[in-house]
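In: Sequence and predicted model, in that order:
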Amino acid sequence: MPKAKKGGNTVRIVYDLARPIADGLGLTIWDITFEKEGALRYLRVLIEREDRAVDMDDCENMTRPLSKALDEADPIEEQYILEVGSPGLGRELRRQEHFEQFMDCPVRVRYIREHDGVKEFIAIIRGYEDGVLTAETEQGIVTIDTSETAFIRLYDDEDTDDEE
């Protein structure tokens, strides 16, 4: 798994444990995050399938052996909650392969801080390299340093996300 945005080395270790399990189940790992929310830590493993949508059985079939592998390897010192799920339609794009897979698709970009009076906008992915997204907006082509974004998510015209 390439460079992790959230969770660092823990994410890489978990990926190495999770990938063979996912492969054996006909799943792919979309993303892994290890984040603190309030007093709790969450280890989230997002999975997908090529042949159909991920369902509860897929999540359960991934959770059991992954939980066992995590218990045996014990790579995380603090307590955490393991969640296995689907990235969903409004999935967050974080890695090179995410951007490549959804080239020419619309995304919702939200900056951490305003840039030129803009905090959030919709754009079409035109390129991605080394953490820099090239996108097309109504105003023209823009380059976006992804380290300055709160998120970049797939967008559809029924997307009404006003949270976060």
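Out: Alright, I've got the coordinates. Residues are numbered from 1 along each chain as shown.
In: how's the chain carved up into domains?
Out: 8-85, 96-154 (automatic domain parsing).
In: How about the contacts made by M103?
Out: Applying Cβ atoms under 8 Å, 6 or more residues apart in numbering to M103 gives the contacts 125-128. Yep, even glycine has a C-beta here, placed from its N, CA and C like the rest.
In: give me that answer again for 6 Å
Out: Applying Cβ atoms under 6 Å, 6 or more residues apart in numbering to M103 gives the contacts I125.
In: again, but for R19
Out: R19 touches nothing, counting by Cβ under 6 Å, 6+ apart.
In: In terms of helices and strands, where is it?
Out: Taking DSSP states H and E as the criterion, R19 maps to helix 8-24.
In: quick check: angle from the next helix or strand after that helix to helix 8-24?
Out: Following helix 8-24 in sequence order, the next helix or strand is strand 28-37 (DSSP H and E). Following axes from the mean of the first three to the mean of the last three Cα atoms, to 10 degrees, one obtains 150 degrees for the angle between strand 28-37 and helix 8-24.
In: Centre of this protein to the edge, which residue is at the far end?
Out: Relative to the C-alpha centroid of the chain, counting by Cα atoms, centre = their mean, Q139 is the outermost residue, at 27.5 Å.
In: and the gap between that one and R113?
Out: 19 Å (Cβ to Cβ, to the nearest Å).
In: follow-up on the earlier one: could the domains of the chain go into CSV alongside mean pLDDT?
Out: Output for the domains of the chain, formatted as CSV (pLDDT from 0 to 100):
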stretch, mean pLDDT
domain 8-85, 94
domain 96-154, 94
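In: what's the first-to-last distance across stretch 47-56?
Out: Across its full length, stretch 47-56 reaches 11 Å between end residues, using Cα to Cα, to the nearest Å.
In: Please work out which residues outside it touch it.
Out: 27-30, 62, 86.
In: Now it: buried residues?
Out: Buried residues in stretch 47-56, counted by 16 or more other Cβ atoms under 10 Å: 47-48, 54.
In: show me where this structure has helices.
Out: Secondary structure of the chain by DSSP state H: the helices cover 8-24, 56-73, 96-101.
In: Y42 pairs with what?
Out: E35, I81 (DSSP bridges).
In: Please tell me how far the residue farthest from the centre of the chain sits from T10.
Out: From Q139 to T10 the distance is 39 Å (Cβ to Cβ).
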